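Asker: Sequence first, predicted model second:
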Amino acid sequence: GQSLEQPSEVTAVEGAIVQINCTYQTSGFYGLSWYQQHDGGAPTFLSYNALDGLEETGRFSSFLSRSDSYGYLLLQELQMKDSASYFCAGDLNTGFQKLVFGTGTRLLVSP
Amino acid sequence: NAGVTQTPKFQVLKTGQSMTLQCAQDMNHNSMYWYRQDPGMGLRLIYYSASEGTTDKGEVPNGYNVSRLNKREFSLRLESAAPSQTSVYFCASSRTGELFFGEGSRLTVL
């Protein structure tokens, strides 16, 4: 089957940079997405890597290496509001988003 | 600016009862999904509909049925609820590269 592994929790201070890693155990993923979820809320889309390499969107960047079955989300200039859970997700089909989600990383940002 | 709307937001059921979770999207997306999320776990796909008129099983379909009523609406039915189905259920729709989620339906089965 497919599985994506992430660290369960990461802590950092405001203004710092943090990297959340995602490794996966299948060769069938076409791309890697990242979603943010605040407690009690719905997941919201952050980024999608359809190709290997780095994608940058404001303070957030995401990286994918399919040859290494590895990706990461990089958050810069951390703010308190970035405290949330972050999920990587691999997609199994190019035509639509049939995603398999990782178990998530809880990011705690302290002052 | 509704996006994806789910009802109900909260529901308590007794074991063996049935219920339907409703989902509608107003973004004209072809694909729709039902996920469940349990504490400490990621989202697991229950069923999906790649386009109007088609549905297919995801990772954890047992105990559920779905109906893609039209392009906008995708419902999830529990025919005989079990405590193991206590979870938060999320409906989503997608355009290429991005899922849009509803706010979730919190279901407790006693």
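Answerer: That came through, no problem. Numbering: from 1, shown residues only, chains lettered A, B, ... in the order given.
Asker: in which helix or strand would I find the residue lying closest to residue A:18 once chain neighbours are set aside?
Answerer: Leaving aside its chain neighbours, residue A:18 sits nearest to residue A:12 (4.4 Å; criterion: Cβ to Cβ, 6 or more residues apart in numbering or on different chains). No exception for glycine: its C-beta is placed from N, CA and C like everyone else's. Per DSSP states H and E: residue A:12 is located in strand A:9-13.
Asker: What pairs with that strand, parallel or antiparallel?
Answerer: Paired strands of strand A:9-13, with direction, are strand A:105-110 (parallel) (DSSP bridges).
Asker: And the partner strand, how far out from the chain middle?
Answerer: Between the centre of strand A:105-110 and the centre of its chain there are 13 Å (Cα atoms, centre = their mean, to the nearest Å).
Asker: what's it in contact with?
Answerer: Residues outside strand A:105-110 that contact it (Cβ atoms under 8 Å, 6 or more residues apart in numbering or on different chains) are A:6-14, A:18, A:20, A:75, A:78-80, A:82-87.
Asker: Test my guess that residue A:99 contacts residue A:90.
Answerer: Yes - counting by Cβ atoms under 8 Å, residue A:99 does reach residue A:90; the two are 6.8 Å apart.
Asker: Now the strand holding residue A:12 - C-alpha only, CSV.
Answerer: Provided in CSV are the C-alpha atoms of strand A:9-13 (Å, rounded to 0.1, in the frame of the first residue of the first chain):
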residue,chain,number,x,y,z
GLU,A,9,5.4,17.3,16.1
VAL,A,10,7.8,20.2,15.5
THR,A,11,8.3,23.2,17.7
ALA,A,12,9.9,26.6,16.8
VAL,A,13,9.9,30.2,17.8
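Asker: lowest confidence element among the helices and strands of chain A?
Answerer: Using mean pLDDT, DSSP states H and E, the weakest-scoring helix or strand in chain A turns out to be strand A:99-101, at a mean of 88.
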